[in-house]
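In: Quick one: sequence and predicted model below, then my questions.
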Amino acid sequence: MPTPYRYVTPVPTEAAAGLIAQVYAQIARDFGMARMPLFLTLSPAPEVLAATWAMLRESLVAGQAPRAAKEVVATGVSLANKCPFCVDAHTVLLHATGEHELAETVARGGKPSDPEHARLFAWATGTATSGQAPPCPEGHAAEHIGTALAFHFINRMVSSLLTDDLLPAGLQRSRLVRGLGGRALAKTVRRRLPQGEALPLLHGLPSGPAPAWAAGAPAGTAFAALRAVAGEGDHLLGDSAREAVVEAVAAWDGEHPPLSGWPSGPLADVAPAQRPAAKLALLAALAPYRVADADVAAWREAGGGRSDADLVRLLAFGAITAVRRIEAALAVPA
């Protein structure tokens, strides 16, 4: 039977232990799905798995801001990043909130009829280019910024490591299927969950200072851990490769890279032996939907550490490098 997994073999839920099992259990409890492809595909690198889940939970799943509004942000970011898997998934979750017309409107990139949702959707789709603060009540800003940054990271990992199909044969593209899936998840999605319960999963992992936009909210602690954990993937790149990736992302204008001449231009001065890793990291940062079988094969053949865990960590480094660039440009609400 076809699976959505492209380049890694996930840790099955029945074989999970330790931190992986703890994360899987909390996902099943709080998200309502025991087998989420994104988190399964991150499982070879448990620290990336835990930090990604914590970031998602503490921004999107828990908190005070309406879940439907945050799902609008998640869908808008996913559309802007050309991540159909995530667009489909969060269309289903918007159905689960009871916002059926809104779900289908944003799934096709249309403008929501509700002015608040329309402003949030426009903000979300422009977060890589506009640098504006979210148009929402001050007390909800951290959750909306956290959701947007979470999905800038998640979209990049999903596009790199999963196929476009959430369900076999693309069944998720049917409005009927999406509506039924939403109804099945409605009870879980409409619960109001307390914040902070994912933070114990981060104990012992690298971290750093919480960002100013979080204003002390748990999403800031989760983001600090994700930033540190994913950043440690830089050890899989040589010095010239790391510098080339960081410089290319720093010069990025937030738009999708051209189809011709990229990324060979930014990587022209990288040593040939380091180029496969640099290409994967840069693709993950700026065009993850272009990661191809040949790119992963070239990286594996280049020698050194080439496990599934290494691949997850390398792609996570590229993804977080782009996310940090986006975060740095976002205005922090007063």
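Out: Arrived safely, thanks for sending. Numbers count the residues shown, from 1 in each chain.
In: Output stretch 13-26 as CSV, restricted to C-alpha atoms.
Out: These are the backbone C-alpha positions of stretch 13-26, laid out as CSV (Å, rounded to 0.1, in the frame of the first residue of the first chain):
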residue,chain,number,x,y,z
THR,A,13,3.6,4.1,17.1
GLU,A,14,3.5,0.5,18.5
ALA,A,15,7.4,0.4,18.6
ALA,A,16,7.9,3.9,20.0
ALA,A,17,9.7,4.3,23.3
GLY,A,18,11.1,7.1,25.5
LEU,A,19,10.6,10.7,24.2
ILE,A,20,9.1,9.5,20.9
ALA,A,21,6.4,7.5,22.7
GLN,A,22,5.6,10.5,25.0
VAL,A,23,5.2,12.8,22.0
TYR,A,24,3.1,10.4,20.1
ALA,A,25,0.8,10.0,23.2
GLN,A,26,0.3,13.7,23.6
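In: Go ahead and name everything in contact with it.
Out: 11, 34-35, 39-40, 43, 46-47, 49-50, 53, 57, 197-198, 201 (CB atoms under 8 Å, 6 or more residues apart in numbering). C-beta: built from backbone N, CA, C; applies to glycine.
In: how much space between residue 187 and residue 94?
Out: Separation of residue 187 from residue 94 (CB to CB, to the nearest Å): 15 Å.
In: Between the two, which is the more surrounded one?
Out: residue 94 (29 against 10; other CB atoms under 10 Å).
In: Next secondary structure after the one helix or strand that one maps to?
Out: Residue 94 belongs to helix 84-96 when assigned by DSSP states H and E. Note on helix 84-96: by DSSP H and E, the next helix or strand toward the C-terminus is helix 100-107.
In: Convert the next helix or strand after that following helix to CSV, retaining C-alpha atoms only.
Out: Sequence-wise, the next helix or strand downstream of helix 100-107 (DSSP H and E) is helix 115-125. This file holds the C-alpha atoms of helix 115-125, laid out as CSV (Å, rounded to 0.1, in the frame of the first residue of the first chain):
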residue,chain,number,x,y,z
PRO,A,115,-13.4,40.8,7.9
GLU,A,116,-11.3,39.5,10.8
HIS,A,117,-10.6,36.2,9.1
ALA,A,118,-9.9,38.1,5.8
ARG,A,119,-7.3,40.3,7.6
LEU,A,120,-5.6,37.3,9.2
PHE,A,121,-5.6,35.4,5.9
ALA,A,122,-4.0,38.3,4.1
TRP,A,123,-1.4,38.7,6.8
ALA,A,124,-0.6,35.0,6.9
THR,A,125,-0.1,34.7,3.1
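In: Can you give me the buried ones in helix 115-125?
Out: Within helix 115-125, the residues that qualify as buried by neighbour count (16 or more other CB atoms under 10 Å) are 117, 118, 119, 120, 121, 123, 124, 125.
In: residue contacts, the last one?
Out: Going by CB under 8 Å, 6+ apart, residue 125 touches 76, 77, 79, 80.
In: and whichever helix or strand the third one is part of, what other elements does it pack with?
Out: Looking back up the chat, that one is residue 79. Per DSSP H and E, residue 79 falls inside helix 67-80. In terms of contacts (3 or more CB pairs under 8 Å, 6 or more residues apart in numbering; DSSP states H and E), helix 67-80 is packed against helix 84-96, helix 100-107, helix 115-125, helix 141-161.
In: Same list (the ones you listed) but as TSV, adding distance to residue 213.
Out: Formatted as TSV, these follow (distance: least, CB to CB, whole Å):
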stretch	distance to residue 213
helix 84-96	22
helix 100-107	24
helix 115-125	14
helix 141-161	5
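In: Okay, domains of the protein per the record?
Out: The chain breaks down by automatic domain parsing into domains covering 13-231, 233-329.
In: worst-scoring helix or strand of the protein, pLDDT-wise?
Out: Least confident helix or strand of the chain, by mean pLDDT, DSSP states H and E, is helix 175-189 with a mean of 78.
In: quick revisit: Serialize the helices and strands packed on helix 67-80 to JSON lines and add fields for mean pLDDT and distance to residue 62.
Out: Below are the helices and strands packed on helix 67-80 laid out as JSON lines (pLDDT from 0 to 100; distance: least, CB to CB, whole Å):
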{"stretch": "helix 84-96", "mean pLDDT": "91", "distance to residue 62": "14"}
{"stretch": "helix 100-107", "mean pLDDT": "91", "distance to residue 62": "21"}
{"stretch": "helix 115-125", "mean pLDDT": "96", "distance to residue 62": "18"}
{"stretch": "helix 141-161", "mean pLDDT": "97", "distance to residue 62": "8"}
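In: Pick the most deeply packed of the ones you listed.
Out: Per-stretch averages of neighbours, counted by mean count of other CB atoms under 10 Å, single out helix 141-161 among the helices and strands packed on helix 67-80, with a mean of 27.
In: on contacts alone, who are the packing partners of it?
Out: Against helix 141-161 (3+ CB pairs under 8 Å, 6+ apart) you get helix 37-42, helix 46-56, helix 67-80, helix 84-96, helix 115-125, helix 218-231, helix 275-286, helix 308-329.
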